[in-house]
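J.: Could you work out the structure for the sequence below:
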Amino acid sequence: MNRNHQNEYEIIDAPHCGCPSDDVVKYPLTDDPNAGLQNMNYKEYLQMYGGDYTDPLINPNLSVSGKDVIQVGINIVGRLLSFFGFPFSSQWVTVYTYLLNSLWPDDENSVWDAFMKRIEELIDQKISEAVKGRALDELTGLQDNYNLYVEALDEWLNRPNGARASLVSQRFNILDSLFTQFMPSFGSGPGSQNYSTILLPVYAQAANLHLLLLKDADIYGARWGLNQTQIDQFHSRQQSLTRTYTNHCVTTYNDGLAELRGTSVESWLKYHQYRREMTVTAMDLVALFPYYNVRQYPNGANPQLTREVYTDPIVFNPPEPPSGAFCESFYNIRAARERLTFSQLENAIIRPPRLFERFQALGIYTGEARLNQNSAPTNYWIGHFIRNTRLGDSTTITTNYGTTNNRLTNFIPPTTSDVYQINSISSNLASALSTLFGVTRAQFHYGSGIIWSYVGQNNVLPQCHQNYNSIEELPNQSDEPTVRSYSHRLSHITSFNFSVQLNNPVISLGNMPVYVWTHRSVDLNNTITSDRITQLPAVKASTLGAGAIVVKGPGFTGGDVIRRTSVGDFGTIRVSVTGSLTQQYRIRFRYASTIDFDFFVIRGGTTINNFRFTHTMSSGEESRYESYRTVEFSTPFNFTQSQDIIRTSIQGLSGNGEVYLDRIEIIPVNPTREAEEDLEDAKKAVAGLFTRTRDGLQVNVTDYQVDRAANLVSCLSDEQYSHDKKMLMEAVRAAKRLSRERNLLQDPDFNEINSTEENGWKASNGIIISEGGPFFKGRVLQLASARENYPTYIYQKVDASVLKPYTRYRLDGFVKSSEDLEIDLVHQHKVHLVKNVPDNLVSDTYPDGSCRGVNRCDEQHQVDVQIDTEHHPMDCCEAAQTHEFSSYINTGDLNSSVDQGIWVVLKVRTADGYATLGNLELVEVGPLSGESLEREQRDNAKWNAELGRERAETDRVYLAAKQAINHLFVDYQDQQLNPEIGLAEINEASNLVESITGVYSDTVLQIPGISYEIYTELSDRLQQASYLYTSRNAVQNGDFDSGLDSWNATTDASVQQDGNMHFLVLSHWDAQVTQQLRVNPNCKYVLRVTARKVGGGDGYVTIRDGAHHRETLTFNACDYDVNGTYVNDNTYITKEVVFYPHTEHTWVEVSESEGAFYIDSIELIETQE
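T.: Numbers count the residues shown, from 1 in each chain. Next comes the predicted model:
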């Protein structure tokens, strides 16, 4: 792949399929728990953990509590974050062991049971015993089979051979199938969805185990004996399930919050605890799902969780009411129940979204309270100020809380060390007349080993104190000492200050601080490394662009996102580059948008990448996993200094809308490794084209895939891999020849359109054939938009002689972009496919007029990444937005009495429609069998029966039409028209012919149907009759099909149309229409007129010659036809009169006396004596 071309990008996720957040991080240099590991390799690193990963914090011999499962959730996330820092390798077996021992520490389901019990407590709902029992039983089955898989995997990795590879592959497939079968029992299926909130941690943990499993197909699949198609299918399924699992978790989490949202302070506490505990046991894990994508993160990453969590307010709330004192829980006092509300606490305690901040300093103000004037005072935390800074910015942000006009008794000076634990004492000083809540002691533990304390004079009864330890709510992420294994760091402190007087003199007041924490995984230095992908969440910017705002994240990004609704900057991120400044990198970023926009990446003051990107969602649509798209620029760049800045901005918005930026990623470029990867990709692509015997193409291989493989081979280095390239190119050329040989379409390169050949391509106007282009090696078909009622189309019939009975055929192609493209396969039935493919592939042409042509290396790489992420349902009609498409149709018995080919039709019928596509092929898939064969045989029998009925009716109409046409002529050669017939008889025969059904399988495109041949036979004879009729009629345009051409008419005369019939209308008594004719004098002529009179008066058609001889046909509303039958004024009748002209010139004149006069046809026919 050429990675030096400007303004290119790769689409990592599909438009209709966004991805969850790919938040990537590195531990900070300060208090880094991995600081001692910098010079270790991964094997030495893994030796630290030994072989048994049962967490001693959860004793297998004791029951598991709700607090224990918080520990489990944090431990699992922490351990996964550590392992993501290394390339995917065989040592991930150790991760499996750790996860299984953490989730089943006693080889029982106690942890899973505790997950459910804890949520039951929070939401005050009990799960059905039947649902719970089924879930636990199926978790046991998953545990047993997972252990079998890990055992087989470990044995195969240590002593690989064919038998062990077969065993591990078998157990992989069994375990994958069990997850597919059992996941609905964990809250997504109809039997368990009423308890989805209770089951959310269970679902998230099980989903994590499944996605972790599926990644092994990418890592080990080839060594197990899977072919590339099978590996790709597992990869595609992994991405699809990541979307499904993520959306379920986010929806369930939000539904649970909505259910818990109430009005009281007590309901707020449950809401608050649910939000925190579901974040650390489920939603943090969901944010890591994308990192199992081995293709996107092959060499490790550093995921980061920038979200904030809040521990409980530090306020007196003992588990049991104290005895012998006035003190009681804050949530039970009358003031809280009657005067304070859910919204007051939520608005005071929870901060709105903002850029990521780190804690700097804290100042605490002290208040004083007494039970009475003679009692000793009690000092308590009445207010504080806190100072924060944004990453890379020294500007201090100071925020005040509570009462800040009292004396400042304690000040924690700025420090770079983390506050990882806070021990607090909350007290309630109460009497019969008043009650006060406050913090009388707090110890702040620093990573540097310092403990800073706030201590106030305390005269509260012992039973009116309560100890708070932040570690109980946010436990460590391993069993090492807290100073090394803490999971969260302090980022902020809010508070709720209140004073409520119920009646004089009863009063309740106090101040309750709330500690705010961020996950330790966030790298506070934005460190760029040269050996793995570095993630930079957008909220880690040091400054926010004017007009940009931070908004709540969608739930799966691990933090908040930045939104813009106008052009301008998102923000500026300051980074620390640890590697050489000669190292090259590429940029990848993740966004969601309701509009198209130009995205710019600026390093320092230099633009290093920019391109235009399309919207991913509709305006007003809720953000889901698939709403976010990850795209990668292929233009490499260097940092110019160790402390550098990256700025992102948007321009050229296509309208009103929003653009959301989740994060950018910095990807180190390794040319040697990428060249090796290119060779491996090319080998896989070429090998995947052929059957095992290498003498034919695999059935599922498409012509586009052959061209794709050719591009990959062409891009290999001639210097490094000349022999490999030569061998692979020979193979791919053979594959192309095989592809052409099996293609049943004639002229797949569109060399001749509308040729005189019976088959081949037939097309309308608006069809353009071009030579190749950025995305096609062969010729390209373009369909322009339709004009009014005229579609743009191209079609071809594949003759029945090349088809086989009861066989499946497949139409393949590649669409660059399209709107309202309709693709039909027509046989005994029609298979209809509509393609609306976004124009989201990058064009890598050379606008400077270079002779180098298309850079297919970059183009193919970018297209591959896009195609990789597109969801392909495995049925006959794939998703409308995918670039590749396949459509299937089955043949029946190929009844020899009917020309049963397969029609391939492509058309655009809308004014906004268009299409650009190529690599079209119709190939045989194989004979039908089993249920498919039986179904097709039943359908074929029905079709033949219906065909028999249609043919019987067609034969009846055909005979009647044939007899009517025979009557028009006096000879068998259809060379002389019967002198007795007129236009009415011709129209009558025409109506019979037009009533024949099955003439066209597509009326608009006039694709022949089963009755086409007999219809054509009769139509040709009718055309001959019309020609003879027109030739013998001395009156020009006597049927008025050409309006008033050849007639002289006043303004009150007009020609109107009713279906296929045209007729002259005189609607006023002074209207007149005439025509001068040239005839043979003294010969016999018959003037025949078909007309009708409406209203009073008469209508006249007169013929006269130059010698003043004349004849007149008179029509009125009380006329009788030539057979003497009375007709009303709604029926046309035919009258005729014999006329012998005495001069060469004659005139026909049409007029009326009043009312309206309608004339269908006027004939002047010379007859024999």
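J.: make it CA atoms for all contacts and neighbour counts henceforth
T.: Noted.
J.: Look at residue 257 and give its secondary structure.
T.: helix (DSSP: H, G, I helix; E, B strand; the rest coil).
J.: Residue 1161 and residue 1038 touch, don't they?
T.: Yes. Under the criterion of Cα atoms under 8 Å, residue 1161 makes contact with residue 1038 at 5.4 Å.
J.: Please say which of those two ends up with more neighbours.
T.: Using other Cα atoms under 10 Å, the more surrounded residue of residue 1161 and residue 1038 is residue 1038, with 26 against 22.
J.: quick one: that one and residue 216, what's the gap?
T.: Shown here: residue 1038 relative to residue 216, a distance of 82 Å by Cα to Cα, to the nearest Å.
J.: What of residue 414?
T.: Residue 414 is 47 Å from residue 216, by Cα to Cα.
J.: got it, and residue 965?
T.: 75 Å.
J.: what's the answer for residue 1166, then?
T.: 92 Å.
J.: Also residue 882?
T.: As for residue 882, its distance to residue 216 is 26 Å (criterion: Cα to Cα).
J.: what's the answer for residue 1053, then?
T.: For residue 1053 relative to residue 216 (Cα to Cα), the value is 84 Å.
J.: For residue 260, what are phi and psi?
T.: For residue 260, the backbone dihedrals are phi -80, psi -20 (criterion: degrees, to the nearest 10).
J.: correct me, but it touches residue 124?
T.: No. Residue 260 is beyond contact range of residue 124, at 9.5 Å (criterion: Cα under 8 Å).
J.: These two: who's more crowded?
T.: Legend: neighbour count by other Cα under 10 Å for residue 260 and residue 124, higher for residue 260 (20 against 11).
J.: Number of residues surrounding residue 673?
T.: 10.
J.: Show me what secondary structure element comes after the helix or strand bottoming out on mean pLDDT in the chain.
T.: Every helix and strand of the chain was ranked by mean pLDDT, DSSP states H and E. The lowest is helix 42-47, at a mean of 29. Going down the chain from helix 42-47, the next helix or strand is helix 66-83, by DSSP states H and E.
J.: from the chain's centre, how far out does that following helix sit?
T.: Distance, stretch centre to chain centre, for helix 66-83: 32 Å (Cα atoms, centre = their mean, to the nearest Å).
J.: what's the single longest strand in the protein?
T.: strand 488-503 (DSSP state E).
J.: Which stretches in the stretch 451-600 of the chain count as helices?
T.: Remark: helices assigned in the stretch 451-600 of the chain by DSSP state H, counting those that start in this stretch are 470-473, 482-485.
J.: Select, out of these, the one closest to residue 685.
T.: Set against residue 685 and scored by Cα to Cα, those come closest in helix 482-485, at 45.5 Å.
J.: Sort out which residues of the closest one are buried, please.
T.: Neighbour-count burial for helix 482-485 flags 482, 483, 484, 485 (criterion: 16 or more other Cα atoms under 10 Å).
J.: still on that earlier bit, so for residue 772, which of the helices of the stretch 451-600 of the chain sits nearest?
T.: So among the helices of the stretch 451-600 of the chain, helix 482-485 is nearest, using Cα to Cα, at 58.9 Å.
J.: Distance check, residue 753 against residue 798.
T.: Residue 753 is 15 Å from residue 798, by Cα to Cα.
J.: residues making contact with stretch 180-189?
T.: Under the criterion Cα atoms under 8 Å, 6 or more residues apart in numbering, residues 131, 134-135, 138, 190-197, 199-200, 202-203, 206-207, 248 lie in contact with stretch 180-189.
J.: So among these, which ones count as buried?
T.: Buried among the contacts of stretch 180-189 by 16+ other Cα under 10 Å: 131, 134-135, 138, 192-193, 195-197, 199-200, 202-203, 206-207, 248.
J.: Regarding this protein, what is its longest helix?
T.: helix 930-968 (DSSP state H).
J.: average pLDDT across it?
T.: What helix 930-968 shows for mean pLDDT is 89.
J.: helices or strands up against the next helix or strand after it?
T.: Sequence order places helix 983-994 as the next helix or strand after helix 930-968, per DSSP H and E. Applying 3 or more Cα pairs under 8 Å, 6 or more residues apart in numbering; DSSP states H and E, one finds that helix 983-994 contacts helix 930-968, helix 1012-1032.
J.: what about stretch 105-123, average pLDDT?
T.: On average, stretch 105-123 scores 91.
J.: do stretch 753-770 as well
T.: Stretch 753-770 comes out at a mean pLDDT of 87.
J.: Just the residues contacting it, thanks.
T.: Here stretch 753-770 makes contact (Cα under 8 Å, 6+ apart) with 745-747, 750, 752, 779-786, 791-799.
J.: Mark which of those residues are part of helices, please.
T.: Per DSSP H, the contacts of stretch 753-770 never map to helices.
J.: Weed out the non-buried ones from the residues you listed.
T.: Buried among the contacts of stretch 753-770 (16+ other Cα under 10 Å): 745-746, 750, 779-786, 791-799.
J.: Tell me which of those residues fall in strands.
T.: 780, 781, 782, 783, 792, 793, 794, 795, 796, 797, 798.
J.: Show the model's pLDDT score for the fifth one.
T.: In this case it means residue 792. 93.
J.: what does the fourth one give?
T.: Per-residue confidence for residue 783 comes out at a pLDDT of 93.
J.: Can you pull the phi/psi pair for residue 1080?
T.: Torsion angles, degrees, to the nearest 10, at residue 1080: phi -90, psi 120.
J.: Hmm, it is touching residue 1146, no?
T.: No. If you go by Cα under 8 Å, residue 1080 and residue 1146 don't touch, sitting 9.9 Å apart.
J.: between these two, who's got more neighbours?
T.: Set residue 1080 next to residue 1146 and count neighbours by other Cα under 10 Å: residue 1146 wins out with 22 against 15.
J.: who does that one bridge with?
T.: Beta bridges link residue 1146 to residue 1077, residue 1105, judged by DSSP bridges.
J.: Nearest to residue 92 among the buried residues of helix 482-485?
T.: For these, the nearest to residue 92 is residue 485 (21.3 Å; Cα to Cα).
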